[in-house]
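K.L.:
could you work out the structure for the sequence below:
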Amino acid sequence: MLTAMESPLRIEVVACESLEGDAGRWRVTFRVVNVGASVVRLSDAWVPHGRFRGEGHVPVHVEIVSGDAQALELGVTAREAPGTVVENAFLILRTSAGRVFARMRVEFGAAGQAKPSVEAVTAQP
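P.N.:
Residues are numbered from 1 along each chain as shown. All right, here's what the predicted structure looks like:
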């Protein structure tokens with residue numbers, strides 16, 4: 001059994017833009033902040049939820065020093081009716097410190113906007 005640990009990263013969504021000419025496709029920009037004492041290397045990103053789904057495992061080659069932040073952009077597919085709320089969507093990062101899970105809630109607005117927000121960040125070694 002894996003034991004949860006304090007996440008070395010803080011993650012927030014800073015943008016979610018519709019890709020012009022491609023209904024239901026979004027570019028989501030995450031801000032990943034290293035709140036730990038050591039360098040954290042990101043090697044893989046994945047958004048696996050069926051109703052807010054990324055492009056599979058995406059190789060990432062990023063190092064974030066303590067106190068620094070990096071932007072991470074990922075493509076996502078989501079085709080939901082206005083007013084729909086998708087619970088428990090995840091961004092999962094494989095890092096040098098273990099796996100980091102950002103649990104999200106995604107609200108779909110009347111004008112077709114997707115608004116993901118991170119509700120919790122947890123980690124496992």
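K.L.:
ok, now which ones touch the residue nearest to residue 36 when sequence neighbours are not counted?
P.N.:
Spatially, and ignoring its direct neighbours in sequence, residue 36 is nearest to residue 8 (3.2 Å; CB to CB, 6 or more residues apart in numbering). The C-beta positions use only the backbone N, C-alpha and C, and glycine is treated the same way. Shown in contact with residue 8 (CB atoms under 8 Å, 6 or more residues apart in numbering): 34, 35, 36, 38, 40, 95, 97, 100, 123.
K.L.:
if any of those are buried, put those into a ChimeraX selection.
P.N.:
Buried residues among the contacts of residue 8 (16 or more other CB atoms under 10 Å), as a ChimeraX selection:
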select :34,36,40,95,97,100,123
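K.L.:
next step: the contacts of residue 8 restricted to strands.
P.N.:
Secondary structure from DSSP state E places 34, 40, 95, 100, 123 of the contacts of residue 8 in strands.
K.L.:
what bridges to the last one?
P.N.:
The reference is to residue 123. Counting by DSSP bridges, residue 123 is bridged to residue 5, residue 100.
K.L.:
state the distance from it to residue 88.
P.N.:
According to CB to CB, to the nearest Å, residue 123 and residue 88 sit 17 Å apart.
K.L.:
ok so, going back, between the contacts of residue 8, which is nearest residue 116?
P.N.:
residue 100 (16.2 Å; CB to CB).
K.L.:
who touches residue 31 in this structure?
P.N.:
11, 12, 13, 14, 69, 70, 71, 72.
K.L.:
if it is in a bridge, with which residues?
P.N.:
residue 12, residue 71.
K.L.:
returning to that earlier point: could you export the contacts of residue 31 as TSV, including pLDDT?
P.N.:
Output for the contacts of residue 31, formatted as TSV (pLDDT from 0 to 100):
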residue	pLDDT
11	98
12	98
13	98
14	98
69	98
70	98
71	98
72	98
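K.L.:
type out the PyMOL command that picks the buried ones from those.
P.N.:
Paste this into PyMOL to select the buried members of the contacts of residue 31, with burial taken from 16+ other CB under 10 Å:
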select buried, resi 11+13+69+70+72
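K.L.:
the residue nearest to residue 36 and residue 32, how far apart?
P.N.:
Taking CB to CB, one finds residue 8 at 10 Å from residue 32.
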